[in-house]
Every structure is written in C-alpha cells, then in structure tokens.
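>>> Any chance you can model this:
(one chain, ligands or ions: 1)
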Amino acid sequence: MEKKAIVLACDHAGLDLKNVLHAMLEEKGYSVIDVGTDSPESMDYPDLARPFAKEVLTRKIPGIILCGTGIGVSIAANKMNGIRAALCHDEFTAQMCREHNNANVLAMGARVLSPEQARKITLRFLETAFAGGRHERRVKKLMELENHPQIDENESV
Ligand code: RB5
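Numbering: from 1, shown residues only. Predicted coordinates for the structure are as follows:
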C-alpha cells in the first residue's frame with residue numbers, strides 16, 4: 001500500500017505546533033513533507049504560500065499550514081490556484097470542510113488552539129472524505145472563481 005503523505009508549513013508562531021503535528025503524523029504512518037520554517041526567527045507567512053502549494057498540488061496530497069491565528073496563512077494559501085484552505089477551530093468545521101468543501105488544506109492558529117485540540121482537528125480532517133453529490137457542483141463553481149479574479153466595476157451581478 002502506498003504510504004500516506006502530507007505537507008506541513010508554519011511561520012515562527014506555528015513552529016511548536018508544527019513539531020507536535022509532525023511527530024503525531026509520523027506516528028500515524030504519514031510521510032511528512034515539511035517545507036518549514038524550522039526557525040523561531042520572525043518570518044513573513046505569505047512567503048510560505050508558494051512552496052507549500054507547490055508540494056500540495058504537484059503531489060496531490062493534503063496540507064496543513066499554521067501561523068499564530070491561522071488567518072494569515074489561510075488567506076495566503078487561498079491565493080494559490082487549486083488550493084482550498086479551511087481555517088478550522090474545532091472538529092466540526094474540520095469535518096465539514098472535507099465533506100462539503102473538499103478542502104485540501106487545513107489552516108490552524110497555534111495561538112488559538114491547544115496542541116491537543118489541534119491534534120484532534122487534524123485527525124478529523126484527515127479521516128473525513130468529500131461527500132460529493134450536490135457539493136460537487138458547488139466546489140466546481142468555487143474553482144471557477146479562479147478564472148475570473150478581477151471585479152469589473154461595470155459588470156452587473
Ligand atoms: C505573527 O506575529 C502573526 O501575525 C502570524 O503568525 C499570523 O497570526 C498572521 O495571521
């Protein structure tokens with residue numbers, strides 16, 4: 001059986017949590033592609049978006065991205081075509097973002113969640129499959145938004 005794989009990334013604020021999740025995921029048999037940062041030095045979370053998305057999209061595997069609140073990294077990751085990043089604070093939203101939104105990236109805030117909460121959210125995210133059905137159409141429409149990113153001030157909506 002092919003080994004399960006996952007991409008991890010964090011800024012300085014997410015480093016301790018990334019180390020916790022890295023260890024847990026390896027224990028669960030995941031091959032972890034860790035794109036950093038590996039330093040507690042302050043860094044700019046938008047710089048994570050491209051290297052992180054490259055691994056998620058080319059390997060076609062899920063990713064987890066972390067910062068202090070999870071907000072910055074989720075915004076940054078969602079700027080990358082093909083990424084559907086969901087910022088989750090609990091197991092319910094982790095489950096829903098897989099079932100309904102087919103999220104391929106989980107974003108979390110290391111200053112928001114305890115390591116135990118983050119572990120549970122991660123497992124729920126990885127355990128849950130996309131539900132398909134009516135959600136297929138909605139996710140397809142979601143991805144079509146990438147083709148028309150500019151708002152034309154004269155367009156009628
Ligand atoms: C870093 O201080 C912090 O701004 C960052 O980790 C993140 O929370 C941004 O959204």
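
>>> So which bits of this protein are right by the ligand?
Asp11, Ala13, Tyr45, Cys67, Gly68, Thr69, Ile71, Gly72 (Cβ under 6 Å from any ligand atom). C-betas here are computed from N, CA, C, even on glycine.

>>> switch the cut-off to 5 Å
Within the chain, the positions adjacent to the ligand are Asp11, Ala13, Cys67, Gly68, Thr69, Ile71, Gly72 by Cβ under 5 Å from any ligand atom.

>>> quick check, nearest of those to Arg111?
Gly68 (4.3 Å; Cβ to Cβ).

>>> Run a quick neighbour tally on that closest one.
If you count neighbours by other Cβ atoms under 10 Å, Gly68 ends up with 18.

>>> Let me know whether it touches Gly109 as I believe.
Yes. Counting by Cβ atoms under 8 Å, Gly109 is a contact partner of Gly68 at 6.0 Å.

>>> Using PDB, list the CA coordinates for stretch 68-82.
Provided in PDB are the C-alpha atoms of stretch 68-82 (Å, rounded to 0.1, in the frame of the first residue of the first chain):
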ATOM      1  CA  GLY A  68      -0.500  32.500  15.200                       C
ATOM      2  CA  THR A  69      -4.200  32.800  14.300                       C
ATOM      3  CA  GLY A  70      -4.300  30.600  11.100                       C
ATOM      4  CA  ILE A  71      -5.800  33.700   9.400                       C
ATOM      5  CA  GLY A  72      -2.700  34.900   7.500                       C
ATOM      6  CA  VAL A  73      -1.700  31.500   6.200                       C
ATOM      7  CA  SER A  74      -5.200  30.600   5.200                       C
ATOM      8  CA  ILE A  75      -5.600  33.900   3.200                       C
ATOM      9  CA  ALA A  76      -2.100  33.300   1.600                       C
ATOM     10  CA  ALA A  77      -2.700  29.700   0.700                       C
ATOM     11  CA  ASN A  78      -6.100  30.500  -0.800                       C
ATOM     12  CA  LYS A  79      -4.400  32.900  -3.200                       C
ATOM     13  CA  MET A  80      -2.800  29.900  -4.900                       C
ATOM     14  CA  ASN A  81      -5.000  28.400  -7.700                       C
ATOM     15  CA  GLY A  82      -6.000  24.900  -6.800                       C
END
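
>>> Having no further points to raise, I will conclude here.
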